[in-house]
Each structure stands twice: as structure tokens, then as C-alpha cells.
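Trainee: Structure for this input, please:
(chains A and B)
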Amino acid sequence: MTIEVKNLVKRFGSFAALDGVDLKVNDGELLALLGPSGSGKTTLLRIIAGLDWPDSGEVAFNGEDALAQGARERHVGFVFQHYALFRHMSVFENVAFGLRVQPRAVRKDEATIRARVKELLDLVQLDWLADRYPSQLSGGQRQRIALARALAIEPRILLLDEPFGALDAKVRKELRKWLRSLHHEINVTSIFVTHDQEEALEVANRVVVMDKGRIEQIGSPDDVYETPATAFVHGFIGESIELPVQVEGGVIRLGDRPLRLAADGLAPGASKLFVRRHDMLVGPPGSGAFEGAVQHVRNFGPVQRAEVALSGGETIEIDAPRDRELRAGDTIGLEPRRYRIFAGA
Amino acid sequence: MSVIAARRRTLPGFGLTMGLTLTWLSVIILIPLAGLFLKSLELSPEQFWNILSSRRTLNALRVSFGLAFAAACVNLVMGSVIVWALVRYRFPGRRLFDAIVDIPFALPTAVAGVALTSLFAEKGWLGAPLAALGIKVAFTPLGIFVAMIFIGIPFVVRTVQPVLQDLDVEIEEAAGSLGASRWQTIIRVILPSLAPALLTGLALAFARAVGEYGSVIFIAGNLPNVSEIAPLLIVIRLSEYRYADATAIAVVMLVVSFVIIFAVNRLQRWAQSRIPAR
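Mentor: Numbering: from 1, shown residues only, chains lettered A, B, ... in the order given. Below is the predicted model:
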């Protein structure tokens, strides 16, 4: 099932939750909607599910207008951030719900329903919890039951809203891997919303980065990490050093100091220089584009994180390998291995 | 040292509060009720039976319990609708309507009785059009029914309201996206979640209607065997100085009410057990 979203606009009062969003989702894809809170990602997901309606724009499933249908007719599996399990039903009945409410003409008989639920509980590896109630489960188990319940209706599309948002770090990591392999197994077109970049980059085939109701970039996890399209994407994904610079007559200046960096093809004016923390190479004083004094050093496993006061007055954090010991008070030269400059203050 | 540690509790004050609770409940509820039972013991079993099996007593009890139950059922349905509207929708005047629900709580019941009577009397605003249809409300059992609905409605609304407020809208969205129709969502998801609160509301509205006196006697007409409620019969017996007769009827009301409320309570517990605490 492909999903096509065209020029979607949704306002809540004067706040534009979606401000002209275009998106194409391919069949069988696992897509992440990534963005800070308030970026419109959940609104987009809810509109695709039929739980919200846009002010204008189009949503099509396989080329067919989806906005003409309600949530009930769209056949979309939706997994809520807080699971939304039915508290008064056992795990088994929760999963069976979608099968039991089917119109009588297509409803399966009891034995088929039981077999199907059993199969789904096996799929999420929780068949031993069938008789428990949601309140007796852990967060991670609830999430998997919510997923099994959504899959019971054999959805054409699977939508997950912050699926791991309410879980602790360890369970999150396990479920991430599990979701990816599950998607591999069932191969249904899936979209999940997250504000956690690591989650998006690790799980998804493609990542859609959103901010303020607009799509900033669509690309593979590698694309959005290695070649961010906008200053927002660079700042949001990966740990970046961000420096305000001036581009003038082919020279890049930080404060009043010219930097020895190529300025070819850059528009003149106030700009932002982005460097990944680990792309700042440490050298002796005088080498490299920047010079600074080490303030603090902390060790993080394979790297040492140093706070460096640049001679221009800015303080930045860099991640350097452990092979060259840094000490507070050292004066060092810094050379960005890779950097990007985006116009605009 | 170890003795003190063993006696320490995380929530101190059990002895004091438990003592106060028992004393207070005894003074306010248990001792008066015991007095009631003692007074009725002045009657021989035969006298007791004769009073209860008299036509007038039986009819009064039938009117009181029958109409109270019917009124509680109406309140259950209409109260649920009101709760739904108040909790789930935002509309101008919502807070005003919310406050209006409490009026039957606060209004002196005699005032309510007089107001309802003049409203439903043959020349009243509602009584006149109803009379034209051949329906007589004031001074009939129907009038009692109306008064009992009036005084019972806030009990259902106020018990169900907080529970519905707690019920996440996401639950309904989940049911919808799984293919449930609106009706299936209400029957299979919302009502089971509200069942314990609904039953509590039903029990409270029923208990209130059974015990109601002030508003009912104005509108009832108080015709023996037809529109005479049991509490009124008790008052009549008291004014005739037939105290033992009065207590006999009172004891029966007490026992029947207790049995019904106990049954509803069990039912409510059972419904609650199907929704384990979070």
C-alpha cells in the first residue's frame, strides 16, 4: 500500500500544526517521522489514520482518496503512545477486539478468531499472557499487545505514535530491534512517529524530518545524518557544533577572525557553520582553522569530550579519540574534517 | 528501641481515627437504628405481621419501592446522557448546566415539591398541555415518579462524571480504528468501563428516592392505596400515636433497602473486579 499526502494544512486556532506537507510513502516501507514536539508529526499520523481531519490537502492510499473514509473504513492499524488498551478486557480479548467487531457478514467463527489471536500473541512472543489484564503487564508488554491488537485486523498500513516513548531506555532498545525484525517479517507499510533521532535512524528505511509543521528533509538515515539539507536538520540530528559566522568576499569570519576555510559558492551574509563534534580534529596550536583553550575534559568510553574556549570567544564541545590525551589548560588547534555552512542567522 | 521500631507505621494515627470512626458511626447511625428495632419489638409477631400485611401498608411499600426503582432507572439513562454531554463536549453554558445538576441536592425538598406541583398541576405550564393529552401528573403516582426523578438525578451524574473524565478518548479512537462502529464502541468499551460507577449511581439515586418525603408529599395527592408513599404512612401513624405501627413499617423499609443496596453493591464489586486497578 502506498500513501500519498499532498499539501496538507491543519491549524489549531492560530497555530499551524501542518503547514503544507507533501509526502510519498512507498509500499512496504518503514518510515520514521522525526521532529521535536510541536513539529506536527503526530498530527500528520492522526490525519493518515482518520482520527483527525485536515483543513485542506489530500491523502490517498494506493491512489484512492482516503479522506472520504472514516477511521473505521480505512483499515489502518494504529498504536497509541500510551497503548490505549481496554482495561476491562483480558489480553486475549484486547487482541480479539478488532475481529469481534467485524460486520456479521465477514466475521470469522470463534475457532478462527481464537487461532488468529493465538498466532498474533505468538508473533509478539506473549502467548503466555493471554489471560492477564493490561494492568498486570509491564510497559513493554503492553506496547507489544497494542501492536498485536492493531495487527489483528490485517491492516493495510501500520501507524505507531511514539511507540517507545513511555518505556525505559533498555526496553526501548530491545523493542526497536524487535520492531525492525517484525516489520521485515510482516512487511506492511508502516510509519512511526518519534522525537528520538537514534530511534529513527536505527529503525527506519527512510526518515522524514519535520519542524514547525513543515518537512525539512526526507531521506535515508545516512542521507539525513551525512548530508543534512537545512540548518535545522543538522542541529537536530547528531551532535553538532554550531557557530555563527559571516561570509564576506570569499572569506568566512568568526567574530572578527577570518577562518582558513573554503568559502566557494557561499552566499554572503550572516550564516551558520555546523561541524559534528567528532569531526573536529585536534592538532598542535597554530594548526587548523580554529584555536582554543581546553576547559574541561570528561571521558565517555571510547572518546574524551572536551570543552574548548575558542579564541573568538565561543565555547564548544568536541569529541576526540583517547589516543591524544587532552588536559584542562592545553592550547590546541582544531581543524574541521567536514563542515557545512547554511545561510541565515 | 526495637519495640518502638516495630510499632512504627508509615501512616500513623490508626488507633485515633479508627476509634473516632466507630464512635461516630455508633452515635449517628447504629444506635438510632437499634432503637428503631427495639421499639418494634413492643409488638407481638402477630401484630407485626398484621400491620405489614394490611392492604394500606403493602400498597404504600409497593408505591415507594416500585416508583423509586423506576425513577432510578430513568435517572441512570438520562444521567449518563447528561454526563456524556458535559464531559465530552465543549459548548457555551456548559459550566452553568454543570452547576444546575446540583440544584436538587441543595434545594429544600419542600420547595421542590411545591414548584413541581404548581408546574404539573392541571393549570400549570407543563400540567396544562399534558392534561390536554389526557395525562394527569400532579396528585397521581406519576407525580411521585417525577419528583423522585428530580431529586435523584445529581447522584447518577456526580458518581459517573469523574469516571468518564478519567476514561481516555484514545480508548474510543482505538476502538474506532479497529473497525468498531460507534454503537459497538459504546456497548463493548465505554459502558463496561463505566459499569461500576453506573451501578453506584443507580443505588444512590434509588436510596434517595425511597427515602424522599418532602417533595413527594406535595405532588402525590396522598391517596391511600394509590399514591401514598411508605414514609408518609409512617408519619401518619406517628401523628395517630401508633408508634409501634410506625416503627414496624420503618423496619421493613430499612431491611428491604438494605438488601437492595447490598445486592447492588455486590453487583458493583463484580463489575469492578473485571476492571483491575491500574
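Trainee: Report the contact partners of the residue nearest to A:Gln69 when sequence neighbours are not counted.
Mentor: Nearest non-adjacent residue to A:Gln69, counting by Cβ to Cβ, 6 or more residues apart in numbering or on different chains: A:Gly50, 6.5 Å away. Glycine gets a C-beta too; all of them are placed from N, C-alpha and C. By Cβ atoms under 8 Å, 6 or more residues apart in numbering or on different chains, the residues touching A:Gly50 are A:66, A:69-74, A:76, B:177.
Trainee: again, only using 6 Å
Mentor: Counting by Cβ atoms under 6 Å, 6 or more residues apart in numbering or on different chains, A:Gly50 touches A:70-71, A:74.
Trainee: Among those, which one lies nearest to chain B?
Mentor: Here the nearest of those to chain B, counting by Cβ to the nearest Cβ, is A:Ala71; it sits at 4.7 Å.
Trainee: I'd say the closest one and B:Ser177 touch.
Mentor: Yes: counting by Cβ atoms under 6 Å, A:Ala71 does reach B:Ser177; the two are 4.7 Å apart.
Trainee: These two: which is more packed in?
Mentor: Comparing A:Ala71 with B:Ser177 by other Cβ atoms under 10 Å in any protein chain shown, the one with more neighbours is B:Ser177, at 27 against 21.
Trainee: neighbours around the residue nearest to A:Ala130 when sequence neighbours are not counted, how many?
Mentor: The shortest distance from A:Ala130 to any non-neighbouring residue, by Cβ to Cβ, 6+ apart, is to A:Phe92 (4.2 Å). For A:Phe92, the neighbour count with other Cβ under 10 Å is 20.
Trainee: Repeat that for B:Gln47.
Mentor: B:Gln47: 14 neighbours (other Cβ under 10 Å).
Trainee: looking at this, it is in a strand?
Mentor: No: under DSSP: H, G, I helix; E, B strand; the rest coil, B:Gln47 falls outside any strand and is assigned helix.
Trainee: What is the burial count for residue 172?
Mentor: If you meant another chain, say so; for now it's chain A. Based on other Cβ under 10 Å, the number of other residues close to A:Arg172 is 19.
Trainee: meant chain B, my bad for not saying
Mentor: 19.
Trainee: Now it: which helix or strand?
Mentor: Of the helices and strands defined by DSSP states H and E, B:Glu172 is found in helix B:169-177.
Trainee: Also A:Arg11?
Mentor: Element membership for A:Arg11 (DSSP H and E) is strand A:3-12.
Trainee: is it true that B:Phe91 lies in a helix?
Mentor: No: counting by three-state DSSP, B:Phe91 is located in no helix; its state is coil.
Trainee: Quick check: which element contains the closest residue to it other than its chain neighbours?
Mentor: Among residues not flanking B:Phe91 along the chain, B:Ala85 sits closest, at 7.9 Å (Cβ to Cβ, 6+ apart). Counting by DSSP H and E, the secondary-structure element that holds B:Ala85 is helix B:55-88.
Trainee: what's the neighbour count on the closest residue to B:Arg269 other than its chain neighbours?
Mentor: Spatial nearest neighbour of B:Arg269, excluding adjacent residues (Cβ to Cβ, 6+ apart): B:Pro196 at 8.0 Å. Other residues near B:Pro196 come to 22 when the count uses other Cβ under 10 Å.
Trainee: mind listing what B:Pro196 touches?
Mentor: B:268, B:271-272.
Trainee: redo that, cut-off 8 Å
Mentor: B:163, B:268-269, B:271-272, B:275.
Trainee: Tell me the confidence at residue 11?
Mentor: Just so you know, I chose chain A. At A:Arg11, the pLDDT value in this model is 92.
Trainee: Wait, chain B was what I had in mind.
Mentor: We have a pLDDT of 78 for B:Leu11.
Trainee: Now list whatever residues contact both of A:Ala71 and B:Ser177.
Mentor: Joint contacts of A:Ala71 and B:Ser177 (Cβ under 8 Å, 6+ apart) are A:49-51, A:78.
Trainee: Taking the residues you listed, tell me the two that lie furthest apart.
Mentor: Using Cβ to Cβ, the pair of the shared contacts of A:Ala71 and B:Ser177 lying farthest apart is A:Gly50 and A:Phe78, separated by 8.9 Å.
Trainee: Overlap of the contact sets of these two?
Mentor: Contacts common to A:Gly50 and A:Phe78, judged by Cβ under 8 Å, 6+ apart, are A:71, B:177.
Trainee: In this structure B:Phe69 contacts B:Ala205, no?
Mentor: No: using Cβ atoms under 8 Å, B:Phe69 is not in contact with B:Ala205; the gap is 9.7 Å.
Trainee: Which one's more surrounded, those two?
Mentor: B:Ala205 (29 against 17).
Trainee: what are the ranges of the strands in the stretch 101-250 of chain A?
Mentor: Counting by DSSP state E, counting those that start in this stretch, the segments of the stretch 101-250 of chain A that form strands are A:157-161, A:189-194, A:206-211, A:214-219, A:240-248.
Trainee: Would you mind listing what in the stretch 51-200 of chain A touches chain B?
Mentor: A:51, A:70-72, A:74-78, A:80, A:82, A:84-88, A:97-98, A:100-102, A:133, A:135-136, A:149-150, A:152-153 (Cβ under 8 Å from any Cβ of the partner chain).
Trainee: burial count for the residue nearest to B:Phe91?
Mentor: 12.
Trainee: who's in contact with residue 73?
Mentor: In the absence of a named chain, this looks at chain A. A:Gly50.
Trainee: Chain B was what I was after
Mentor: Residues counted as contacts of B:Cys73 (Cβ under 8 Å, 6+ apart) are B:Leu202.
Trainee: Just the pLDDT at it, thanks.
Mentor: 95.
Trainee: again with the one 5 residues further on
Mentor: The confidence metric pLDDT takes the value 96 at B:Met78.
Trainee: For it, which non-adjacent residue is closest in space?
Mentor: Nearest non-adjacent residue to B:Met78 (Cβ to Cβ, 6+ apart): B:Ile153, at 7.0 Å.
Trainee: For the one you found, which three-state class applies?
Mentor: helix.
Trainee: surely it meets B:Ser80?
Mentor: No: the pair B:Ile153 / B:Ser80 is not scored as a contact, 11.0 Å apart, by Cβ under 8 Å.
Trainee: So for these two, which residue has more residues nearby?
Mentor: Remark: of B:Ile153 and B:Ser80, B:Ile153 carries more neighbours, 25 against 21, as counted by other Cβ under 10 Å.
Trainee: need the contact list for the more buried one.
Mentor: So B:Ile153 contacts B:75, B:78-79, B:82, B:101, B:104, B:205 (Cβ under 8 Å, 6+ apart).
Trainee: Looking at those residues, which is nearest B:Val169?
Mentor: Nearest to B:Val169 among those, counting by Cβ to Cβ, is B:Ile82 at 18.5 Å.
Trainee: The closest one: neighbour count?
Mentor: Neighbourhood size, B:Ile82 [other Cβ under 10 Å]: 21.
Trainee: So it versus A:Gln217, what's the distance?
Mentor: Counting by Cβ to Cβ, to the nearest Å, the separation of B:Ile82 from A:Gln217 is 50 Å.
Trainee: Please apply the same query to B:Ile219.
Mentor: Going from B:Ile219 to A:Gln217 by Cβ to Cβ gives 73 Å.
Trainee: Compare these two (neighbour count), which wins?
Mentor: B:Ile219 (30 against 21).
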